[in-house]
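Q: need a structure here:
(one chain, ligands or ions: 2)
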Amino acid sequence: MTSTPSAHPVLRVAGLSKTYGSGTRAFQAIADVSFEVRAGEIVCIVGPSGAGKTTLLKCLSGLLERSAGVIECAGETVRGTPRQMALVFQEYGRSLMPWLTVERNVMLPLRGKGIAEDEMQGRMRNSLAAVGLAQAAKKYPWQLSGGMQQRVAIARALAYRPEVLLMDEPFASVDAQTRMDLEDLVLQIRDEFAITIVFVTHDIEESIYLGDRVVVLSRSPTRVRRVVDVALGKGRNQVDTKGLPAFDEYRRELMSLLDRQIHRDATA
Ligand SMILES: Nc1ncnc2c1ncn2[C@@H]1O[C@H](COP(=O)(O)OP(=O)(O)OP(=O)(O)O)[C@@H](O)[C@H]1O
Ligand SMILES: [Mg+2]
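A: Ligands and ions are numbered 1, 2, ... in the order given. Predicted coordinates for the structure are as follows:
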């Protein structure tokens with residue numbers, strides 16, 4: 001069974017390029033990137049370190065201005081940070097406010113948005129429950145493990161009720177077991193909140209396990225090397241899905257795409 005996301009693209013990126021600085025100091029991080037993300041999909045982005053993955057997410061979210069190309073979210077050109085988007089960064093340690101309790105951290109982005117206090121409290125409880133942290137609402141971030149802190153960051157993004165969630169290597173600094181739990185949490189929230197997710201990772205297996213599609217990027221100035229459809233359907237689980245022969249095939253395909261790139265660089 002394959003997943004059946006709606007055909008409507010929530011996110012459309014066409015001919016995107018990004019150059020930092022200007023003149024002799026100009027550095028082109030993104031040369032030419034195009035891809036689409038349909039409603040309800042998880043699209044993973046993989047590429048070597050320094051390829052421009054974070055730059056890409058920052059352009060998608062409007063935090064960085066693009067140099068050329070088109071980015072559309074829900075049919076509208078992205079200017080500034082679109083209302084429909086939320087971001088989860090890799091460094092959870094720096095993204096939570098240590099002087100605020102978990103519940104206040106989760107409600108922080110909702111303040112000043114004209115949302116009634118009751119509604120804010122309800123969203124906060126609902127999203128903390130979704131990440132399994134209902135009991136931790138009154139704690140401070142520094143009283144939690146790394147994995148729990150990253151769950152708080154996810155809950156904060158969910159409370160914002162985004163249509164699109166952008167995640168930049170969110171599980172790179174947690175242990176392997178926690179990482180698997182958090183991967184399953186991502187699959188669960190995609191279904192529970194009918195959310196669309198763009199997920200950047202270094203980890204090929206993680207990209208196959210989570211992705212409906214995987215966008216493979218080259219080194220910077222980055223281009224799309226290939227977009228791989230992952231036809232593993234829904235209802236994935238760590239043991240059975242990762243044990244499938246098809247999973248191994250995808251791993252081989254993605255590794256060879258990234259390997260060839262290293263080879264080409266070495267002989268360039
Ligand atoms: N503000 C900036 N000014 C100039 N160059 C930058 C800036 N930010 C990033 N770069 C450069 O752009 C390139 C892409 O960086 P980016 O952080 O997007 O890569 P990445 O794929 O996210 O890397 P990693 O996998 O290590 O997180 C790198 O060569 C980096 O040095
Ligand atoms: Mg990065």
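
Q: where does pLDDT dip in the stretch 51-200 of the chain?
A: For the stretch 51-200 of the chain, the stretches flagged by pLDDT under 70 are 92-93.

Q: cutoff 80 now
A: 82, 90-94 (pLDDT under 80).

Q: I'd like the average pLDDT over stretch 209-220.
A: For stretch 209-220, the mean pLDDT works out to 96.

Q: hmm, that stretch in reach of ligand 1?
A: Yes: judged by Cβ under 6 Å from any ligand atom, stretch 209-220 and ligand 1 are in contact via S220. C-betas here are computed from N, CA, C, even on glycine.

Q: which residues of this protein lie near ligand 2?
A: Neighbours of ligand 2 within the chain, by Cβ under 5 Å from the ion: K53, T54.

Q: which positions in the chain make contact with ligand 1?
A: Counting by Cβ under 6 Å from any ligand atom, the chain sits next to ligand 1 at 20-21, 27, 29, 47, 49-55, 220.

Q: all helices of the chain, in order?
A: 53-60, 92-95, 102-107, 117-130, 146-159, 176-192, 204-210, 238-242, 245-267 (DSSP state H).

Q: want to throw the residues of the chain next to ligand 1 into TSV with distance to Q135 and neighbour count?
A: Shown next, in TSV, are the residues of the chain next to ligand 1 (distance: Cβ to Cβ, whole Å; neighbours: other Cβ atoms under 10 Å):
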residue	distance to Q135	neighbour count
Y20	44	14
G21	48	9
F27	47	11
A29	42	21
G47	38	25
S49	37	8
G50	40	12
A51	39	24
G52	40	28
K53	34	24
T54	33	17
T55	38	21
S220	43	20
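
Q: so which two of those are the farthest from each other?
A: The two members of the residues of the chain next to ligand 1 with the most space between them (Cβ to Cβ) are G21 and G47, at 21.4 Å.

Q: about what we covered before: mind giving me a markdown table with the helices of the chain and columns for distance to A68?
A: Shown next, in a markdown table, are these (distance: least, Cβ to Cβ, whole Å):
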| stretch | distance to A68 |
| --- | --- |
| helix 53-60 | 11 |
| helix 92-95 | 30 |
| helix 102-107 | 37 |
| helix 117-130 | 37 |
| helix 146-159 | 29 |
| helix 176-192 | 31 |
| helix 204-210 | 27 |
| helix 238-242 | 38 |
| helix 245-267 | 24 |
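
Q: for ligand 2, what's its nearest residue on the chain.
A: Nearest residue of the chain to ligand 2, counting by Cβ to the ion: T54, 3.2 Å away.

Q: next up, the contacts around Q84.
A: V10, C73, A74, P162, E163, V164 (Cβ atoms under 8 Å, 6 or more residues apart in numbering).

Q: and which of those is nearest to ligand 1?
A: V164 (18.6 Å; Cβ to the nearest ligand atom).

Q: isn't the closest one right next to R12, touching?
A: No: using Cβ atoms under 8 Å, V164 is not in contact with R12, being 11.6 Å away.

Q: more neighbours: which of those two?
A: The neighbour comparison of V164 against R12 (other Cβ atoms under 10 Å) goes to V164, with 21 against 18.

Q: that older thread, overlap in contacts of V164 and R12?
A: What both V164 and R12 touch, as defined by Cβ under 8 Å, 6+ apart, is the set V37.

Q: just to revisit the earlier point, nearest to K139, of the helices of the chain?
A: Per Cβ to Cβ, nearest to K139 of these: helix 102-107, 5.4 Å.

Q: what's that closest one packed up against?
A: helix 117-130, helix 146-159 (3 or more Cβ pairs under 8 Å, 6 or more residues apart in numbering; DSSP states H and E).

Q: that concludes my questions; thank you for your assistance.
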